[in-house]
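Colleague: Need coordinates for the below:
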Amino acid sequence: MNGWMGNLMRVNLTTKTSSIESSEKYFKYIGGKGMANRIMYDEVPVGTDPAAPENKIVFAVGPNTGSSAPCSGRITISSLSPFTKYNAIVDAHMGGDTAVRMKNCGFDAMIIEGASDAPVYIYVNDDKIEIRDASHVWGKTTSDTTAILTKETDPSSNVVSIGPAGEALLNLSCVMTGIGHCGGGGLGKVFGSKKLKAVVFNGTKGTEIADPERVVALNKYVIGDLLGSNNNHVVPSVPQSWAEYDNKSTRWTGHPGMTWGAAEGGPIDTGESAPGQPTLIGYRCQKAVFDHGAIAEKYTVKMTGCAMCPIRCFGSVYIPQMEKATGVVGSHANTCGAQNGFNLSGGERQRISIARALLKDAPILILDDSVSAVDTRTERIILDNLKASRAGKTTLLIAHRISTVEQLDKIIFIEDGRVEAVGPHDTLYRSCAEYRRMVDLQKLEDEAGGDTDD
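Modeller: Model prediction:
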């Protein structure tokens, strides 16, 4: 049974029960995808509504997962598609370390069935399975949910969750793990229909290997001769001695003179990463610079990535100024925000934009409606720290929300394209009737619940 754990778990959200079964009968199917699809085929009748309790969600991994085999760290999550014709079985393939963490709990697969009548999350701690209340995280983003649930369970836990889109049963909503790995296929809607906010894995077991030495030899062949440091001949972004071509649009940005500027022990030069040198493959990307420009180099700690993947394509960065300026704790973070930041909320995009602007340390900074997508508590943290970090410099804030500007030194109140009044908040409130009317109206809206939390 080497490579397999031999167990699958079954969780029924209707009855709030769980059980452990043998997974051996599925070993003949190819990997986690084969196992998950066979379970769906056997257990979910044709014609089932994807949002019905009778639909199921299957997490599954293959025998290579946890074995150190390159590129074996993805998990298959199968269910019925909520948006394709005939609602066929769909697979959400997700990176990160969910696959390894589930297997470390001692399972090859997880079957989720039924539906809860209130928000819940599933916590798998080795072979202990719990169904816990999730009402306190219902309505929150996936990043906030991850922060809260890792604090509740274990700092090293892996969290797979949905955000408000899944809760609202949007057909194209995803599930997310960490802050940069998603599983598509509309799985967010299926989670939401079951009132399942998240699944949390915290495992400590290992995967048994029949012939570890042969696995190591195969790994060296795959990384050195097949993947190399050039990922099947994807060209570097700048000319290098070993490369026939270069193209500045590629993400393979590592080169002599490009560093991990904030690396432990001092900057590390990424150098040249020629094919056939597997120990250098991790230097090939400088993804933080690719995503955010040259300013990110000095804040880069290292490159990291998904479990078992030798292609290190996430920039791990440390920006201590972020905590001071925005209230966001400076930390190592995945820089993969996706094109146009589509997997970030409006508030997250605004906070990142402010942080990037502050890194320029310009004498004049103009922020146009820059905190409109965050709640008033977060807005106050941002503005208080912004005022402290911008002391002695000029900052112009353009806003429609009074709470954004009431603490500023000078407010220019514009109505119908004309400057109606100039001065601090207290002066304008006393002397300008239209400004006073706007302030009072917004206070009434806030008291009535018009202010929303991002």
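Colleague: Low-confidence ranges, this protein, go.
Modeller: Low-confidence segments of the chain, defined by pLDDT under 70, are located at 1, 179, 228-234, 321-345, 448-454.
Colleague: What are the boundaries of the helices in it?
Modeller: With DSSP state H as the definition, the chain shows helices at residue ranges 31-43, 98-104, 142-152, 164-167, 187-193, 212-221, 287-292, 320-326, 346-360, 376-389, 402-405, 425-431, 433-447.
Colleague: Which among those is found nearest to A115?
Modeller: Distances from A115 to each of the helices of the chain were compared by Cβ to Cβ, and the smallest falls on helix 187-193, at 6.6 Å. The way it works is simple: take the backbone N, C-alpha and C, and place the C-beta from them, glycine included.
Colleague: just to revisit the earlier point, in CSV: the helices of the chain, plus distance to P82.
Modeller: Putting the helices of the chain into CSV (distance: least, Cβ to Cβ, whole Å) gives the following:
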stretch, distance to P82
helix 31-43, 14
helix 98-104, 21
helix 142-152, 19
helix 164-167, 11
helix 187-193, 5
helix 212-221, 38
helix 287-292, 31
helix 320-326, 36
helix 346-360, 24
helix 376-389, 32
helix 402-405, 39
helix 425-431, 49
helix 433-447, 35
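Colleague: Can you add distance to G178 and mean neighbour count and give those back as a markdown table?
Modeller: Rendered in a markdown table, the data for the helices of the chain read as follows (distance: least, Cβ to Cβ, whole Å; neighbours: other Cβ atoms under 10 Å):
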| stretch | distance to G178 | mean neighbour count |
| --- | --- | --- |
| helix 31-43 | 19 | 20 |
| helix 98-104 | 9 | 26 |
| helix 142-152 | 7 | 19 |
| helix 164-167 | 16 | 20 |
| helix 187-193 | 16 | 27 |
| helix 212-221 | 24 | 13 |
| helix 287-292 | 15 | 22 |
| helix 320-326 | 18 | 18 |
| helix 346-360 | 14 | 17 |
| helix 376-389 | 21 | 17 |
| helix 402-405 | 31 | 19 |
| helix 425-431 | 41 | 15 |
| helix 433-447 | 34 | 13 |
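Colleague: For T250, find the nearest of those.
Modeller: Taking Cβ to Cβ as the criterion, T250 comes closest to helix 287-292 out of those, the separation being 8.6 Å.
Colleague: what sits up against the closest one?
Modeller: Helix 287-292 has contacts (Cβ atoms under 8 Å, 6 or more residues apart in numbering) with 237, 251, 253, 258, 296-297, 299-300, 303, 312-317, 335-337, 356.
Colleague: returning to what we had before: looking at the helices of the chain, which is closest to Q277?
Modeller: Going through the helices of the chain one by one, with Cβ to Cβ as the measure, helix 212-221 comes closest at 11.5 Å.
Colleague: how about that closest one as CSV, C-alpha atoms only?
Modeller: Once non-C-alpha atoms are left out, helix 212-221 reads as follows in CSV (Å, rounded to 0.1, in the frame of the first residue of the first chain):
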residue,chain,number,x,y,z
PRO,A,212,13.1,5.9,-1.4
GLU,A,213,16.5,5.7,-3.3
ARG,A,214,14.8,5.1,-6.6
VAL,A,215,12.3,8.0,-5.9
VAL,A,216,15.2,10.3,-5.3
ALA,A,217,16.9,9.2,-8.5
LEU,A,218,13.7,9.8,-10.5
ASN,A,219,13.3,13.2,-8.9
LYS,A,220,16.8,14.2,-9.9
TYR,A,221,16.1,13.1,-13.5
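Colleague: so how far is it from its chain's centroid?
Modeller: 32 Å (Cα atoms, centre = their mean, to the nearest Å).
Colleague: Pull the residues that contact that helix.
Modeller: Residues outside helix 212-221 that contact it (Cβ under 8 Å, 6+ apart): 67-70, 209, 278.
Colleague: and stretch 404-423, C-alpha only, in CSV?
Modeller: As requested, the backbone C-alpha atoms of stretch 404-423 are provided in CSV (Å, rounded to 0.1, in the frame of the first residue of the first chain):
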residue,chain,number,x,y,z
THR,A,404,-12.3,60.0,5.2
VAL,A,405,-11.5,63.7,5.4
GLU,A,406,-12.8,65.0,8.8
GLN,A,407,-9.4,64.6,10.5
LEU,A,408,-7.5,66.4,7.7
ASP,A,409,-5.7,69.8,8.2
LYS,A,410,-7.7,71.5,5.4
ILE,A,411,-10.9,70.4,3.5
ILE,A,412,-11.8,71.9,0.2
PHE,A,413,-15.6,71.4,-0.2
ILE,A,414,-16.7,71.3,-3.9
GLU,A,415,-20.4,71.4,-4.9
ASP,A,416,-21.5,71.3,-8.5
GLY,A,417,-17.9,72.0,-9.7
ARG,A,418,-17.5,75.1,-7.5
VAL,A,419,-15.4,75.5,-4.3
GLU,A,420,-18.0,76.3,-1.7
ALA,A,421,-15.8,76.4,1.5
VAL,A,422,-12.3,75.8,2.7
GLY,A,423,-11.1,75.0,6.2
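Colleague: show me the contacts for G347.
Modeller: For G347, the set of contacting residues under the criterion of Cβ under 8 Å, 6+ apart consists of 373-375, 378, 454.
Colleague: quick one: which of the contacts of helix 212-221 is most hemmed in?
Modeller: Neighbour counts for these were taken using other Cβ atoms under 10 Å; the highest belongs to S67, with 22 neighbours.
Colleague: so that one makes contact with G206?
Modeller: No. Counting by Cβ atoms under 8 Å, S67 stays clear of G206, with 9.7 Å between them.
Colleague: about what we covered before: now for the contacts of helix 212-221: which two are most distant?
Modeller: Looking at the contacts of helix 212-221 by Cβ to Cβ, the two members farthest from one another are I209 and P278, with 19.6 Å of separation.
Colleague: Which one, of the helices of the chain, ends up nearest to E264?
Modeller: For E264, the closest of these is helix 320-326, at 14.8 Å, according to Cβ to Cβ.
Colleague: just to revisit the earlier point, ok, which of the helices of the chain comes nearest L8?
Modeller: Within the helices of the chain, the stretch nearest L8 is helix 31-43; the backing value is 8.2 Å (Cβ to Cβ).
Colleague: to the chain's geometric centre, what's the distance from the closest one?
Modeller: Its chain's average C-alpha position is 27 Å from that of helix 31-43, according to Cα atoms, centre = their mean.
Colleague: What helices and strands are in contact with it?
Modeller: Contacts of helix 31-43 with other secondary structure elements, assessed using 3 or more Cβ pairs under 8 Å, 6 or more residues apart in numbering; DSSP states H and E, are made with strand 57-60, strand 75-80, strand 89-94, strand 109-113.
Colleague: Quick one: closest of these to G392.
Modeller: Relative to G392, the nearest member of the helices and strands packed on helix 31-43 by Cβ to Cβ is strand 89-94, separated by 46.9 Å.
Colleague: Tell me the strands beside that closest one, with direction?
Modeller: strand 75-80 (antiparallel) (DSSP bridges).
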